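Asker: Need a 3D model of the following:
(one chain, ligands or ions: 2)
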Amino acid sequence: MRKLLLFFCTPFLLWAQHSPNASKPNVLLIVADDLGYGDLSCYGEKTIHTPAVDALAKQGLRFTNAHTTAATCTPSRYSLLTGLYNWRRNDTGIADGDAAMVICPEQTTIADLFKTAGYTTGAIGKWHLGLGAEKGGQDWNGFITPGASDIGFDYSYLMAATADRVPCVWIENQRVANYDPSAPISVSYRAPFEGEPTGKNNPELLTKLKPSPNHGHDQAIVNGISRIGYMKGGGNALWKDENIADTIVAKTVNFIQKHKHTPFFLYVGTNDVHVPRYPHRRFVGKSGMGYRGDAILQFDWTVGEILKALKDNGLYDNTLIILTSDNGPVVDDGYQDRAEELLGKHRPWGPFHNHGGKYSNYEAGTRVPFIVSYPKKVKRGVSDAAFSQIDLFASLAAFIGKPVPAGAATDSANYLNALLGKDKEGRPYIIASAGSLSITVARWKYVEPNNYNAYQPLTRTDLGNYPEERLYDLQEDPMELANVAKDYPDVVAILKTLLDKEK
Ligand code: NG6
Ligand code: CA
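Answerer: Ligands and ions are numbered 1, 2, ... in the order given. Model prediction:
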């Protein structure tokens with residue numbers, strides 16, 4: 001009887017498995033954290049080997065000229081998810097772990113777009129876009145609202161901010177995962193909790209990583225690592241840094257399996273290679289570059305596992321995969337992980353300015369790895385088309401044949417043809433923000449003058465800020481060493497006008 005049932009049902013099951021997805025491809029967005037242009041072997045690095053990402057690049061399209069809108073996480077992800085420039089607001093800077101939602105529920109996100117198109121939507125991993133209605137007002141022991149579900153995500157499994165910021169717990173569908181009632185959670189970014197050890201006062205408890213001097217990661221201690229901010233409680237719900245990548249993989253694979261019969265949009269933010277870098281022991285010592293290199297290998301493994309899950313579930317060919325990073329690389333970002341001294345010949349910045357990565361308006365701050373795979377339609381190879389993450393919203397709307405909702409994503413334009421490899425030029429100009437704004441048209445990059453700090457001594461970052469206007473010829477000078485503004489006043493005038501028009 002069972003056999004007979006199976007015989008009659010099989011064609012239906014096969015149909016059910018393939019039919020809905022055939023018309024609506026899945027979209028998977030993998031956003032690495034602080035992964036530099038030079039951190040992947042498919043981007044030409046000989047010092048590190050990233051086979052899973054390289055395999056994706058090999059059968060997809062690898063972009064050489066793709067950009068974030070900002071050189072840090074919160075503003076960059078804000079723009080990616082909303083299609084709005086972060087610099088139009090003054091409150092999208094690096095968010096505390098108890099920050100309120102940076103994207104208000106009234107705004108339309110890329111997740112809303114997919115949800116209204118009949119997709120199941122998910123966000124897994126690093127969030128860093130605030131939770132709750134007001135700073136410090138979250139109920140970490142109950143329902144945290146508003147949250148990801150209010151901006152279009154049906155499912156969420158998130159770290160509130162970064163691994164170096166409290167609270168160090170996973171938040172699943174707006175409640176602390178594995179909540180431990182015996183250890184109620186309190187969080188403060190103002191003052192320590194009485195009786196709770198801190199990295200500053202109890203360095204003997206820092207069994208896993210010590211903070212770098214003066215960075216400020218010397219407050220609450222969780223899992224033998226001190227963090228930014230203070231927290232109390234958490235008990236069994238506290239994460240173990242060495243398991244973060246495994247958790248992200250497990251939740252992602254689970255999501256893929258669960259939704260394999262219906263179309264999904266999944267946003268996966270890896271914790272790698274953000275600080276504190278404390279990879280699983282499977283990866284420790286494997287890169288020869290210390291924890292930072294090992295975290296890159298862990299990232300590569302993460303990608304491999306996710307791709308495998310897509311393949312195992314028969315979804316790989318029908319999933320548009322985009323892999324990118326939220327900002328450029330940084331070496332010492334707050335912990336004594338020996339990243340600097342073990343770097344050797346590795347250049348996280350690739351061909352761009354040394355120490356001009358994260359936080360900087362030099363190319364390495366905002367030009368990022370960007371790989372697109374969709375075996376059905378994406379041309380294989382390398383694309384030099386100019387692409388900005390700001391355009392993901394409108395381009396993905398076009399991909400699924402939906403109009404951008406009225407009033408939403410007003411900075412986002414449709415460059416789907418660039419994503420698919422049909423358009424070799426891409427966006428006519430790229431705007432990025434880090435300190436000041438810059439605009440790039442073809443080989444020319446103009447950076448507005450400003451009076452911000454030129455150098456960040458803690459991370460040894462050259463921020464690229466100058467009191468006079470700058471013009472770089474990226475073709476001749478990808479390191480942006482020579483300011484040629486005085487030699488090309490006409491180019492400066494054109495770029496400045498174009499930028500002013502956008503503001
Ligand atoms: C900085 C932190 C840095 C990192 C960054 C956010 C200090 C001195 N440094 O403020 O360690 O957490 O914020 O990184 O506090 S991001 O990739 O999420 O934007
Ligand atoms: Ca980041």
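Asker: Give me the phi and psi for Leu471.
Answerer: Leu471 adopts backbone torsions of phi -130, psi 130, taken as degrees, to the nearest 10.
Asker: Spatially nearest residue to the closest residue to ligand 1 within the stretch 151-300 of the chain (excluding sequence neighbours)?
Answerer: Closest approach between the stretch 151-300 of the chain and ligand 1, counting by C-beta to the nearest ligand atom: His215, at 4.2 Å. C-beta: built from backbone N, CA, C; applies to glycine. Leaving aside its chain neighbours, His215 sits nearest to Gly334 (3.9 Å; criterion: C-beta to C-beta, 6 or more residues apart in numbering).
Asker: So what's the predicted local confidence for that neighbour?
Answerer: We have a pLDDT of 98 for Gly334.
Asker: Report the separation between it and ligand 1.
Answerer: 4 Å (C-beta to the nearest ligand atom, to the nearest Å).
Asker: show me what contacts that residue?
Answerer: Asp164, Pro211, Ser212, His215, Gly216, His217, Val275, Pro276, Leu458 (C-beta atoms under 8 Å, 6 or more residues apart in numbering).
Asker: and if you look at Ser186?
Answerer: Ser186 sits next to Trp140, Phe193, Met231, Lys232, Gly233 when contact means C-beta under 8 Å, 6+ apart.
Asker: Out of those, flag the one nearest to ligand 2.
Answerer: For these, the closest approach to ligand 2 (C-beta to the ion) belongs to Met231, at 21.3 Å.
Asker: Thought Arg227 was touching Cys168, still the case?
Answerer: Yes. Counting by C-beta atoms under 8 Å, Cys168 does reach Arg227; the two are 6.6 Å apart.
Asker: coming back round to it: among the contacts of Ser186, name the ones in strands.
Answerer: Per DSSP state E, strands hold the following members of the contacts of Ser186: Met231, Lys232.
Asker: Which two of the contacts of Ser186 have the greatest separation?
Answerer: Trp140 and Phe193 (13.1 Å; C-beta to C-beta).
Asker: Between the two, which has more neighbouring residues?
Answerer: Remark: of Trp140 and Phe193, Trp140 carries more neighbours, 25 against 15, as counted by other C-beta atoms under 10 Å.
Asker: who touches the nearest residue to the more buried one once chain neighbours are set aside in this structure?
Answerer: In this structure, Trp140 finds its nearest non-sequential neighbour in Ile185, 4.0 Å apart by C-beta to C-beta, 6+ apart. Ile185 is in contact with Trp140, Asn141, Pro167, Val169, Val176, Met231, Lys232, Gly233, Gly234, Ala237, counting by C-beta under 8 Å, 6+ apart.
Asker: Report pLDDT for the last one.
Answerer: The score at Ala237 is 98. That number is its pLDDT.
Asker: tell me the domain boundaries of this structure?
Answerer: In terms of domains, the chain is parsed into 25-419, 435-502 (source: automatic domain parsing).
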